[in-house]
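Enquirer: Build me a model from this:
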Amino acid sequence: MMTDLARNPKQIGNLIRRTRKNFGLSQSQLGEKTGLRQETISLIETGNPAAKLETILAVLAALDLEFRIVPRSKGGAADIEDIF
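Expert: Sure thing, here's the model as predicted:
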């Protein structure tokens, strides 16, 4: 299992988008699973900082992802942003 690191809204959005696509879901289909509008999914995926934590958590749960709080890693770990 791969663990990805996200430290800001844009990185969280990138991970959500990638996972959604891996499941073969459109933004509308993910919206239906979560009771959210497609526009809301789009805002989350683009890293809109106004997205509520509760909304992001609902999207993560629908994609079988979880939110963890761990001590920040040190060193040269490449930010996920650099991959895109």
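
Enquirer: from here on, contacts and neighbour counts on C-alpha atoms
Expert: OK.

Enquirer: Who are the contact partners of S28?
Expert: 37-38, 41 (Cα atoms under 8 Å, 6 or more residues apart in numbering).

Enquirer: Pull the number of nearby residues for L15.
Expert: Close neighbours of L15, defined as other Cα atoms under 10 Å, add up to 20.

Enquirer: can you give me the strands in this protein?
Expert: Assigned by DSSP state E, the chain shows no strands.

Enquirer: re earlier: ok, of the contacts of S28, which come out buried?
Expert: I41 (16 or more other Cα atoms under 10 Å).

Enquirer: Tell me the one of the contacts of S28 nearest R68?
Expert: Using Cα to Cα, I41 comes nearest to R68 of these, at 20.8 Å.

Enquirer: Can you tell me how far the closest residue to that closest one other than its chain neighbours is from P71?
Expert: Counting by Cα to Cα, 6 or more residues apart in numbering, I41 lies nearest to Q27, which is 6.0 Å off, once chain neighbours are set aside. Counting by Cα to Cα, to the nearest Å, the gap from Q27 to P71 is 32 Å.

Enquirer: next one: N48
Expert: For N48 relative to P71 (Cα to Cα), the value is 25 Å.

Enquirer: Comparing those two, which shows the higher neighbour count?
Expert: N48 (14 against 6).

Enquirer: list the contacts for the nearest residue to that one once chain neighbours are set aside?
Expert: With sequence-adjacent residues excluded and distances taken as Cα to Cα, 6+ apart, N48 is closest to P9, at 6.6 Å. Applying Cα under 8 Å, 6+ apart to P9 gives the contacts 44, 47-49.
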